[in-house]
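Q: I would like the atomic coordinates for the input below:
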Amino acid sequence: MTGSEEAAAAATKAKRDRVFLVVVDDSAEQAVALRYACLRARKGGGRVALFRVLEPVELVEWAGVGVMMQEERRAEAERLLAGLASHVSEITGGMPMLIIREGEAREELLALIEEDPRISILVLAMATGSGGPGPLISALTGRHASRLKIPMALVPGGMTEQELDRVT
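A: Numbering: from 1, shown residues only. All right, here's what the predicted structure looks like:
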């Protein structure tokens, strides 16, 4: 292989290894972030990772009840991600990475990014209301900005599918 062929092969591998991380929460704008990530992955190479954080089960009187509640929440998260994975596959042609963790969303997100070098871009959509962009975006662009070691794509949460198609 010549030098230019090796460089082209390395560039192709880098595109394939690029992962667009989407935080799956219960916000309306999460669908916008997901579509943006899917379109970027399809058009520019790479894959999508879906990340769901479960809040820890609060202390309950009987341990068995707490375990059962935790198992139910995990099963619900798995069903949600499986449904979204099907949607991602339709758009990108590939299956996304599915990641579920338990804890505080910001801390789990930052830990995941630090642990997994494949994740190269965090995609978040901004809230459409007057209350600011959202707590996660506020934290990651404010007090915790120095802990974020990858680029973050902030997508306006009110974008339509046509607008997303045009800008990706």
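Q: Scan the chain for its longest helix.
A: For the chain, the helix with the greatest residue count under DSSP state H is helix 63-92.
Q: Name the residues of that helix that come out as buried.
A: Across helix 63-92, burial judged by 16 or more other Cβ atoms under 10 Å covers 73, 77, 80-81, 84-85, 87-88, 92. From N, CA and C alone the C-beta is placed, and that goes for glycine too.
Q: and the residue nearest in space to the middle of the chain, what is it in contact with?
A: Nearest to the geometric centre of the chain sits residue 22, at 1.5 Å (Cα atoms, centre = their mean). Applying Cβ atoms under 8 Å, 6 or more residues apart in numbering, we find residue 22 in contact with 30, 33-34, 37, 48-51, 123-124.
Q: SS state for it?
A: strand (DSSP: H, G, I helix; E, B strand; the rest coil).
Q: Quickly list what it is bridged to.
A: On the basis of DSSP bridges, residue 22 is bridged to residue 50, residue 123.
Q: Give me the distance between it and residue 112.
A: 12 Å (Cβ to Cβ, to the nearest Å).
Q: so what's the nearest residue to residue 98 once chain neighbours are set aside scoring on pLDDT?
A: Closest residue in space to residue 98, ignoring its immediate chain neighbours: residue 81 at 4.6 Å, by Cβ to Cβ, 6 or more residues apart in numbering. With respect to pLDDT, residue 81 has a value of 98.
Q: repeat for residue 102
A: The model reports residue 102 with a pLDDT of 94.
Q: need the contact list for residue 159.
A: Taking Cβ under 8 Å, 6+ apart as the test, what residue 159 contacts is 32, 36, 125, 167.
Q: likewise residue 36?
A: For residue 36, the contacting residues are 123, 125, 153, 155, 159, 164, 168, by Cβ under 8 Å, 6+ apart.
Q: How is it assigned, secondary-structure-wise?
A: Using three-state DSSP, the structure places residue 36 in helix.
Q: Check the spacing between it and residue 154 real quick.
A: From residue 36 across to residue 154, the span is 10 Å (Cβ to Cβ).
Q: joint contacts of these two?
A: Contact with both residue 36 and residue 154 is made by residues residue 125, according to Cβ under 8 Å, 6+ apart.
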